[in-house]
Each structure stands twice: as C-alpha cells, then as structure tokens.
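Asker: Here is a sequence with its predicted model. Questions after.
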Amino acid sequence: MTSLNTDTNTDTTNDLTPDIDVIVDAPEAAPKTTTFAELGVREEIVRALAEGGIEHTFAIQELTLPLALTGDDLIGQARTGMGKTFAFGVPLLHRIVTDESRPLTGIPRALIVVPTRELCLQVFDDLAGAAKYLTVGDRKLSVTSIYGGRPYEPQIEALRAGVDVVVGTPGRLLDLAQQDHLQLGGLSVLVLDEADEMLDLGFLPDIERILKQIPTDRQAMLFSATMPDPIITLARTFMNQPTHIRAEAPHSAATHENTTQHAYRAHALDKVEMVARILQANGRGATMIFTRTKRTAQKVADELAERGFKVGAVHGDLGQGAREKALKGFRTGEVDVLVATDVAARGIDIDDITHVINYQIPEDEQAYVHRIGRTGRAGKTGIAVTLVDWDELPRWTMIDKALGLNNPDPVETYSSSPHLFAELDIPTEAGGSIGRATRSTESKDRPRRESRDGDRPARTRNRTRQRTRGGSTGHVASTEQTAGVSDAASVTDADSASASDAPARRRRRRRRPNTAAPTAG
C-alpha cells in the first residue's frame, strides 16, 4: 500500500481550508501492487476489468477507492493518463449496485459530467466495459452517453427505456433536463470530470444550473488535473468536507519524466517536410500532431495523406460522425497519425502513443503539459517534439521559462539537418513521403474548405481556374464557396483579392487610348 502524507499544516492546503479536510499526497510513480479485489470491489467489476488487462491500481485509484466506496466526497487530482476514470467509475458502479436501500428503478442514479464529446464517449466505453457483468434484477445495469452533435431522439428514447448511469456534456444534459427528459432528482452520485477543462471552455454556468437540480443528499466527486481558484470555489459550493487526493508529489515536475522533449526552430514552409521525416523514426508508433487552428489541422492531415501516411484529423470543422470515425481508426490502428486541435483533443485517452508533435506551439504552459501528457503514460516512455516558428519564439520563451525546460532558444533546424535525424533516431534515407498517396479518413465526410497556415495564402487545389479574355489565368472562388459555405473565414484575403481583381482587369483591357481631338485652325 502506498504511504500517505496527510499533513494538513502544509502550505499547500491554505487555499483549501476549512472546507476541504486533508490533502493526501503520493508519488505518481509508486509501483502498482494493490489490486481492485484487495480494495473490496465487487467481483463482477474485478472480472470485467481483468478481461481488459486491468488488475492493479494506479496511485490515484488506490488512494481514492477506500474513501469513495464508503460514500465520502472527494477531490481527485492527477495528471492526464493517470487512471482518473476508474478512480471514480469503479466505486460509482460498486455503490449504486450494492446499496440495497435505494434499488435501481431506471431513473438515473449516477451522473458523470465531462467537458467534451470525445471524453464523454471514452468514459462511457470504460464504464460500460467495467459494468458488463453487473445486473439489476433480471436486467443488466444500463449506462448511456448524452452529448451534443447527435440527434436528440435516440438519447431521449434511451432515457425513457431506463438508465442507471448517465455520462454527458453540460449543454445537452441541461437541455434534456429542462425538457423533463432527464430526471436528476434520483441521483445518489455526482462526478465532475476534468473540471479545469470545463472552466477553460466556459461551462461553469451550466454546471451551476445542473447542480441546482440534483439532491443535496448525494456523494460528490470532482476530478481535475489542476486546481485553479474557480474550481476550488465550485467545490466549496456543492461538496461536503471533501478529502483532496493528489496522486503525485507536491513538488513534482509539471511535465512527465518519462517523456523526452525536443524543441527545434523550424521554418513554416519546411514543417511538413520535417514531420514526414519524424514519422519515419525508428520505433515510432501511434502519433498525435497538435495545431492551434482547425484549418491548419486539416491542411497538415491532407498533406501527410498525400505523402502516403495513414492519418486522420479531429477538429471543430468536422461533423461528429467524422470525428468519431477518426478516433475509432486511431484506437484500432487503422490510422497511426492523428492531427488535432487542443479543444478537439480533450478527452482523447490512449495509452500507446509514442510521439507527440507540436506543429504549432500551444497558447500557454498548461496546454503544453496537456499535449505532451498524451505520451509517456502508464509507465511507458515517449517523445515530444515542438516545432517553433520564428514568430512563435516569444510565446515559446514564456512556456520554457514557466516549465523550466532550459531551451529558450531552440536550434535552427531543417528537414535535412543531420542533428534532427540523429536525435530522433530517423533513418538517413528517410524522405518526404513513404509511398502512394492516400486520403485522410475524414476527407469524404467534410465540406471541402480552403485552409491556411497563419497568414499565408492557401494552396489552390480546392479552387477552379478561369481564363480571362486577355489569355492570362485568374483564380475564382470554388463552387462550394460561391454556394454559401457558412465559414466565411475559410476564404483567405488572397482568395478574395483574386476573385475581385479579375473583372477589373477585363474592364481595363477594353479601354482604348484616347485620341487627340483636332484643334481649330
């Protein structure tokens, strides 16, 4: 059993007292020796987890379960990839099935609120898998997911048929609750997962509205990677003397020790070439590439697909079906490169990612930590590569200083630089492509849009060409743009100028020089 530090007089508790009882610290790297069975978890759950290769607990799970199984309120704090889902999911399932004083009737007994659709689906899959042997009378325990981007009708029908555990995003949950399709009065367990992400996405007002509709007599658990002041305030409003469990040493490094980090100063026009070579590194497995903008995410995915890589994209311009298809392909290995924006990537939890590439650097150090936390997980090692453009250097310097990375001025690097090949173990013969061009998995599911990287003009493959009367060619907007694609920002300034200049040139070509009028003698 991991030794616990329960000193309530440390400075780290000052902001949390008197409402939060105690902070329990344990190193995240503590060896996994305790099993779920030893902690008293129901045999049906233990068997389901064992079939998925899960027997021993992570630190956050080992510390959380004894308290959560007794019904105590708690706050769980651990970095991405440290097992928070089962830290609340296992005791939640155990308690609602074991509590004979409150039999399950098909009215939701447990609610897990998550910030994104992707995380909603992941938590749903994990809980449904852990609950597959749990029964209530003559029926299986029911878990369902409620999130936006999908039709209302199937979700409403699932609620009418009877649901025991609901996993959902704030907006859709609140909408269905206000329409009386989702009954919150029977809840006995409430979980807020990735609370700091919900704060970042502006969901706290929706969370507060949901809290007003649930019983006060219930267990509450809040899980978060960080604890900003608004989250502490939220905890004080709806939790009853929670224990703060922090599954890492209080002064541990902000970034994963198992991840080797590289930063290179890269030219924007050479970044895709560099990425293509990094993707050919020895031992490279599943890889995530992060961008700041939706257009850049799709542009990078398309260009890598043209170079022969198996790549998918997840960003806000894609429909929910296309995003789910890309994630499923990434999890099953159909694609081994996933290009994503920060918002769309929230909730993607895959343990076997070997490389993370920051194609564009993040907005701040917290986003950087979240990004590279996708690799080097569950005791495995990983590699994080950040490509810093010249205009991104000031922001990178701030991130470097905040995290103590000691690399404020990355070395200038190109796709042909020998040190790139040496440091990332890339074969010297690696080139800019690996074979026949493929198509990114989402291309047929998304509207074709122009894309750009920063302020550079987009490539013109999605545009038609029209010959002017003078014989020169001029660009005109694509048929989809003229048909009224809603995202006006997807047409660059250069596109607009090209479309407007063509008529002007034709008018100028019709003009003839004025001839001088005859003068009177």
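Answerer: Arrived safely.

Asker: hang on, Leu63 is in a strand, isn't it?
Answerer: No - counting by DSSP: H, G, I helix; E, B strand; the rest coil, Leu63 is not part of a strand but helix.

Asker: pretty sure it is touching Ala247, no?
Answerer: Yes - using C-beta atoms under 8 Å, Leu63 makes contact with Ala247 at a distance of 6.1 Å. In short, each C-beta sits where N, CA and C put it, glycine included.

Asker: Do you have the helices of the stretch 251-400 of the chain handy? List them.
Answerer: Using DSSP state H, counting those that start in this stretch, the helices of the stretch 251-400 of the chain run over residues 271-278, 294-306, 320-332, 342-345, 365-372, 393-403.

Asker: The stretch 1-150 of the chain: strands as residue ranges?
Answerer: For the stretch 1-150 of the chain, applying DSSP state E, counting those that start in this stretch gives strands covering 23-25, 74-77, 110-113, 135-136, 139-140, 143-146.

Asker: so Ile112 touches Asp164, yeah?
Answerer: No - the pair Ile112 and Asp164 does not pass the contact test of C-beta under 8 Å, sitting 12.0 Å apart.

Asker: higher neighbour count, those two?
Answerer: The neighbour comparison of Ile112 against Asp164 (other C-beta atoms under 10 Å) goes to Ile112, with 27 against 24.

Asker: Mind listing the residues bridging to that one?
Answerer: Ile112 forms beta bridges with Val167, Val191, as assigned by DSSP bridges.

Asker: separation between it and Asp217?
Answerer: 19 Å (C-beta to C-beta, to the nearest Å).

Asker: and if you look at Leu104?
Answerer: Using C-beta to C-beta, one gets 17 Å for the distance from Leu104 to Asp217.

Asker: Of these two, give the one with the bigger neighbour count.
Answerer: Set Leu104 next to Asp217 and count neighbours by other C-beta under 10 Å: Leu104 wins out with 22 against 8.

Asker: Phi and psi next, for the more buried one.
Answerer: For Leu104, the backbone dihedrals (degrees, to the nearest 10) come out as phi -80, psi 130.

Asker: does it really touch Leu141, like I thought?
Answerer: Yes - under the criterion of C-beta under 8 Å, Leu104 lies in contact with Leu141, with a separation of 7.2 Å.

Asker: Are there residues contacting both of these two? Which ones?
Answerer: The overlap between the contact sets of Leu104 and Leu141 (C-beta atoms under 8 Å, 6 or more residues apart in numbering) consists of 96-97, 164.

Asker: Among these, which ones are in helices?
Answerer: Members of the shared contacts of Leu104 and Leu141 lying in helices (criterion: DSSP state H): 96-97.

Asker: how about stretch 323-343: buried residues?
Answerer: The neighbour-count check on stretch 323-343 (16 or more other C-beta atoms under 10 Å) flags 323-327, 329-331, 335-343 as buried.

Asker: Sorry, slip of the keys, the one I care about is stretch 207-218.
Answerer: Within stretch 207-218, the residues scored as buried using 16+ other C-beta under 10 Å are 207, 210-211, 214, 218.

Asker: Switch the strands of the stretch 1-150 of the chain over to TSV; also include distance to Glu194 and mean pLDDT.
Answerer: TSV is the format used below for the strands of the stretch 1-150 of the chain (distance: least, C-beta to C-beta, whole Å; pLDDT from 0 to 100):
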stretch	distance to Glu194	mean pLDDT
strand 23-25	20	56
strand 74-77	11	91
strand 110-113	9	98
strand 135-136	28	86
strand 139-140	27	87
strand 143-146	15	96
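
Asker: nearest to Asp229, of these?
Answerer: Checking those against Asp229 by C-beta to C-beta gives strand 74-77 as the closest, at 13.9 Å.

Asker: Can you pull out the low-pLDDT segments for this structure?
Answerer: For the chain, the stretches flagged by pLDDT under 70 are 1-32, 79-81, 248-256, 344, 346-347, 349, 378-379, 436-521.
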